[in-house]
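In: Based on what follows, work out the 3D shape:
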Amino acid sequence: MYTPQVTDHYENPRNVGTIADADGTATVGSPASGEMVKLTLKVTDNVVVSAKFRAFGCPTAIASASMLTELITGAHISEAQKITADQLSKALGGLPQDKQRYAGTAEKVLKNAIADFLPKKEAQSS
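Out: Numbering: from 1, shown residues only. The predicted structure is shown next:
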């Protein structure tokens, strides 16, 4: 049912944790709903230098969040902002139709974390 990439990211998730002094933070979902992803970002010169996640949910939710952190680490914030659920799904070797929503959750938490970061960046520039 799961691709080798999903299995690998579920069994060996990358970048698990929380960045204490994060520049951008977002949480989507809740444990009560059965699905939650929290993403924290450290950004230097508009480049994501570190991304960490905490997730609650099925293997696909964890794998999607893990893959997301790998795709955005080292990326310029403008490029990270363009990552879509479809790109995440492809990077994971494809997700079953009934599991696509987890890639969507990862995309949403990324967009929200970037939205949290941008006003802070502008305030520092002022």
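
In: isn't Leu110 right next to Ile83, touching?
Out: Yes: Leu110 lies in contact with Ile83 (Cβ atoms under 8 Å); the separation is 6.2 Å. (Each C-beta comes from the backbone N, C-alpha and C, glycine too.)

In: Looking at those two, which one has more neighbours?
Out: Leu110 (30 against 19; other Cβ atoms under 10 Å).

In: Distance of the more buried one relative to Thr7?
Out: According to Cβ to Cβ, to the nearest Å, Leu110 stands 22 Å off from Thr7.

In: any chance you could map the strands in this protein?
Out: All strands of the chain, identified by DSSP state E, fall at 24-30, 35-44, 47-56.

In: is it possible to export these to CSV including mean pLDDT and distance to Gln124?
Out: Below are those laid out as CSV (pLDDT from 0 to 100; distance: least, Cβ to Cβ, whole Å):
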stretch, mean pLDDT, distance to Gln124
strand 24-30, 95, 13
strand 35-44, 96, 11
strand 47-56, 96, 15
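
In: Could I get the ones you listed in a markdown table, plus columns for mean neighbour count?
Out: Formatted as a markdown table, these follow (neighbours: other Cβ atoms under 10 Å):
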| stretch | mean neighbour count |
| --- | --- |
| strand 24-30 | 18 |
| strand 35-44 | 21 |
| strand 47-56 | 20 |
